[in-house]
Structures are given as C-alpha cells and as structure tokens.
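Peer 1: what follows is a predicted protein model with its sequence.
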Amino acid sequence: MKSINFSLQSSIDNADFDTLLLPVFDDGTFPEAAEKWEISGLVKKLIEQKDFAGKAGETLMLFEQKDFARVCLIGFGVKSDLTDKALTETADAIAKAITKSSAANVLSLAGSISNDQISQARVIYQLTLAVQKSLYEYTHISRSGDLKPKEIHLESVTYLLNDREEWQAKIDQAQATALGMALTQELADMPSNFCTPTHLAETAKQLAKDYDFDCDILEREKMLNMGMGSFMAVAQGSITPPKMICLSYNGADKSKAPIALVGKGVTFDTGGISLKPGAAMDEMKYDMGGAATVLGVFEALGRLKPEINVVGVIPATENMPSGNAIKPGDVVTSLSGQTIEILNTDAEGRLILCDALTYAQQTYKPSKIIDMATLTGACIIALGHHISAVLGNNQDLVNDLLKASQMTYDRFWQLPLSEEYDEQLKSNFADMANIGGRAAGTITAAQFLARFTKDIDWAHLDIAGTAWTSGANKGATGRPVPALVEYLVSQA
C-alpha cells in the first residue's frame, strides 16, 4: 500500500499545494488561517444558496480557487457537538473526497479543530488514520491476475500547525497503525487456500526480516512431543500442517519482561465434526482475525520502534472434519497438564489458545498477556458489530485497554468473569469441558481461558463481531490493531 507523506508546517510561505482542505461548521465559520485566501464570501454564498450546509461528513470540491487548483470543503457540523463518531465519519469522508480526486499535495486546516471532548491530537490522529487506511485495496491474485490497483495521485498531506512533538507522534502512530491494519486486512481477506498456517508463518518471517524481529516457528512433531494435546487435537483433522508462530520485538532493555500478544489463527473453521451450517461458511476464513491482528500490530511496532518488549504467539491451523478429526466426547490433555472434554468441536478456538497461552508464559515469562480471537457468536449477540468484548483477571490492565480503545475509537466493552459462570464448564470425565452451554457464551469461553492464566495478568478480546463485515461490503476491518497499538505505545 502506498505510504503518504504526512507532516506539520507552521507557515506556508513558498509552499506548493494544489489542494486546500477547509473544515466548515454548520454556522459557516472555519479556521482563521483561511482568511488570507479571502474565501469567506464564497463559503457564505454557498451556504445561503443551500449548496453546502456544513453538516458533519458533507463534502464539496471547488476548483480553481485563489492559490489552489481545488478547495475541498468538509462539513464538521456543530463545533461543540463534535463526537468521536462524527469525527471518524468525517475523517472517512475527507479521505474519500481527496483520494478520489487528483489532489497530490494537500494543505489541511482540519488539524486545528477541537472542542472540550475532542483534542487536536485526537483529530490529527483520526484524519491521518482515515486517509492512509483508505488506500487499502484487495489486489491479491485470487481476484484477478489482470486486476490493476486504483491510481492514487495523493502524495502528501500537510497540517497547518506548529510542529509539536506530541502531534508528530500522533501522525506517526496513526500512519503506522493504518499500514498495520492493511496487513491484517490483506491476510484476513485472502482465501483460506492461499492464507494457510504456512502463509502466516512466512508473513511472520518476512516481518522479522524487514524489522529485525526474532522469529521462531514450531512444527507439528515438536508440538506433539512438547505435550500440546489440546492444540494438536484441533489440528489432527487437517492435512494442512499447523504452526505455532512466535515473533519477538525488543525495543527496551532485555531484562524487562515483555507484553505477550496471543492471536487465534484458525485459517478456516468448518466446525469439525460439529459441522457448521453451510450458509455464510465462506466467512470462516476470517477465523484467523486474531492472528492477523498480531501480525498487523508487529508491522506497526516495526515502523514506530517504541521502547517496549513485545512477543507475539500465534497458534495456526485449520479445523476440518475427517477420519482423523477429534469427536465430541474425546478427552485431551493440554500443555498445562489440565484435561479437557471436547463436547463441541466447533469450540476449537479456546482449545488452540489455551496451549498458546501456556507456551507464551513458559517460554517468554511475560509481565502480562493479551489474547485476541474471533471466539464466540455469542459476542455478536451481546455487542453487535461495533464494539469488541474485553474480559480479564486484572482490572488495571482492562482499564488501560478500555482507555486505548476510547482514544482510538476502536472500542471495547468489559464483560464480567465470575466463579458462578465457571460452574458451567464442569465435566464428569475431565478437569473441564470446552463449552458451557448457550447462556453467557462469551463469558464461559473466557472463563475457560482464565484457567490457563491464573498466575499472570491477563486480558481477553473477543473480536467476533468487529474483525470483519458481511454483506455487499464484505471484508476485514483491521480491528483491533488501532487500540492495541495505542495501548502498547502508552505502555512504552
């Protein structure tokens, strides 16, 4: 994906811009910096004629105005009413307007917008993120060998603002996040016969090569010998080789314990013997959204280089029905030594995550661990497609993740954990069952994982409703890369 040059500039003397991006409120006002181009009369006339109303997200492109080949008016609504939702929608409208035009070098006055709820840094972040991520386009060979990427004229966006370190940091973070999201989207959108566990492993190796990460890939035989009976039980139904993919970013002193990210990497989920319905089963290629998120976060880390240590652990496999597949009623032994009765083979995500969580703790001795997974349909019933669920055993960690999600508008909502829910996982034939019934399905899935994270600060993100969209605009969203990058940067 093309990388745009974003910068701050306090003066525009001798500058060469072909496009002015001008925010306008519904009362016809706009930043004072635009007065030098004597454009207020034109804006007032357009509003009087009802050709432009300044509503949030409204755009109007004007041509050959003053010193610019084009002036793009962007409505920001009522200034005092600007919310995160309005800001992100307006930022998306800006991105669409300028990338569809022939604008190459844009001068933006939108970075000066703020109110009591939304800071300038937040505005700059969302505008940068929206423009850069709007350039993502699925161009994998699976679509067409002759498909040509859309032509992008945009080269640079300059914010007319003082060059403050915090604002430049937000620009850099937003752009790195958008590029990380693009990798996450590319992997998740790819058909499962292309995006296999091996492909995920090769992607991790390429990231390690590009950014000097440490990379280690565990193969089936080694994992069997280590005792990963839970992960390998899921993998045994597929002839596609499973992988345990491990990446390490060392941005701080080696003595500092890392933060571990664990991402579910089921590259296709049929449900196994507990076969899913056929309708929309093609979307189960997205069941590796957690794995794709980890890799997207590492792409951003490689670009930002924050002073922090982070490890990524990805259990990757298919979940297939076959003569070798696990069956309802089978009992397996996890890497932790705990036994699991598999009552439903479609509850496979927790079976691969539990061994990955144990392996991450044993191998990397992290200070805290965050797992992310497209884990339960129950999460979609609870929260829909706008907000991801967060659960955990340490409230400070959960609070930090909630704060990061609000800062980026990549939102999380906390659901509870409790011993009462844990009762639903009782088994007569093993230490636990892998399902707890229909009631509180998202919570009981997290309660299952909590049994493997008792000795570490841990949080679980259920992204089943937010990792991709269905329907006419089907595709991966790149979430929750923004919130996780914000969290890690804030911890650095």
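Peer 2: Everything's here; your move.
Peer 1: return the list of helices and strands in contact with the top strand by length along the chain.
Peer 2: When every strand of the chain is counted residue by residue (DSSP state E), the longest turns out to be strand 309-319. Using 3 or more CB pairs under 8 Å, 6 or more residues apart in numbering; DSSP states H and E as the contact definition, the elements that strand 309-319 packs against are helix 197-211, helix 229-235, strand 243-250, strand 259-263, strand 265-269, helix 289-304, helix 349-364. For glycine as for every other residue, the C-beta is placed from the backbone atoms N, C-alpha and C.
Peer 1: I'd like the mean pLDDT over the fifth one, please.
Peer 2: For strand 265-269, mean pLDDT is 98.
Peer 1: show me the domain layout of this structure.
Peer 2: According to automatic domain parsing, the chain is divided into the following domains: 5-163, 178-491.
Peer 1: ok so, going back, any chance of the helices and strands packed on strand 309-319 in JSON lines, plus mean neighbour count?
Peer 2: As requested, the helices and strands packed on strand 309-319 are exported to JSON lines (neighbours: other CB atoms under 10 Å):
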{"stretch": "helix 197-211", "mean neighbour count": "18"}
{"stretch": "helix 229-235", "mean neighbour count": "27"}
{"stretch": "strand 243-250", "mean neighbour count": "24"}
{"stretch": "strand 259-263", "mean neighbour count": "29"}
{"stretch": "strand 265-269", "mean neighbour count": "29"}
{"stretch": "helix 289-304", "mean neighbour count": "28"}
{"stretch": "helix 349-364", "mean neighbour count": "24"}
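Peer 1: possible to save the ones you listed as CSV with distance to Ala53?
Peer 2: Written out in CSV, the entries for the helices and strands packed on strand 309-319 read as follows (distance: least, CB to CB, whole Å):
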stretch, distance to Ala53
helix 197-211, 46
helix 229-235, 55
strand 243-250, 47
strand 259-263, 44
strand 265-269, 47
helix 289-304, 37
helix 349-364, 47
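Peer 1: quick check, Ala325 in contact with Thr270.
Peer 2: No - with the criterion set as CB atoms under 8 Å, Ala325 and Thr270 do not qualify as a contacting pair; they are 9.4 Å apart.
Peer 1: pick out whichever of those two has more residues nearby.
Peer 2: Neighbour totals were compared for Ala325 and Thr270, and Thr270 leads with 24 against 20 (other CB atoms under 10 Å).
Peer 1: ok so, going back, and of the helices and strands packed on strand 309-319, who's closest to Leu397?
Peer 2: Comparing those by their distance to Leu397 (CB to CB), the top pick is strand 259-263, with 9.6 Å.
Peer 1: so how far is that closest one from its chain's centroid?
Peer 2: A distance of 14 Å separates the C-alpha centroid of strand 259-263 from that of its chain, computed with CA atoms, centre = their mean, to the nearest Å.
Peer 1: check contacts around the residue nearest to Glu318 when sequence neighbours are not counted.
Peer 2: By the measure of CB to CB, 6 or more residues apart in numbering, the closest residue to Glu318 outside its immediate chain neighbours is Ser238, 4.0 Å from it. Residues in contact with Ser238 (CB atoms under 8 Å, 6 or more residues apart in numbering) are 317-320, 322.
Peer 1: and these, which are buried?
Peer 2: Buried members of those, counted by 16 or more other CB atoms under 10 Å: 317-320.
Peer 1: could I get those as JSON lines with pLDDT and distance to Ala476?
Peer 2: Output for the buried ones among the contacts of Ser238, formatted as JSON lines (pLDDT from 0 to 100; distance: CB to CB, whole Å):
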{"residue": "Thr317", "pLDDT": "98", "distance to Ala476": "19"}
{"residue": "Glu318", "pLDDT": "98", "distance to Ala476": "18"}
{"residue": "Asn319", "pLDDT": "98", "distance to Ala476": "19"}
{"residue": "Met320", "pLDDT": "98", "distance to Ala476": "22"}
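Peer 1: as JSON lines, the residues you listed with distance to Ile456 would be great.
Peer 2: Putting the buried ones among the contacts of Ser238 into JSON lines (distance: CB to CB, whole Å) gives the following:
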{"residue": "Thr317", "distance to Ile456": "24"}
{"residue": "Glu318", "distance to Ile456": "29"}
{"residue": "Asn319", "distance to Ile456": "27"}
{"residue": "Met320", "distance to Ile456": "32"}
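Peer 1: and the spatially closest residue to Ser322 that is not a sequence neighbour, helix, strand or coil?
Peer 2: Ranked by CB to CB, 6+ apart and with sequence neighbours excluded, the top spatial neighbour of Ser322 is Gly237, at 4.7 Å. Secondary structure, DSSP: H, G, I helix; E, B strand; the rest coil: Gly237 is coil.
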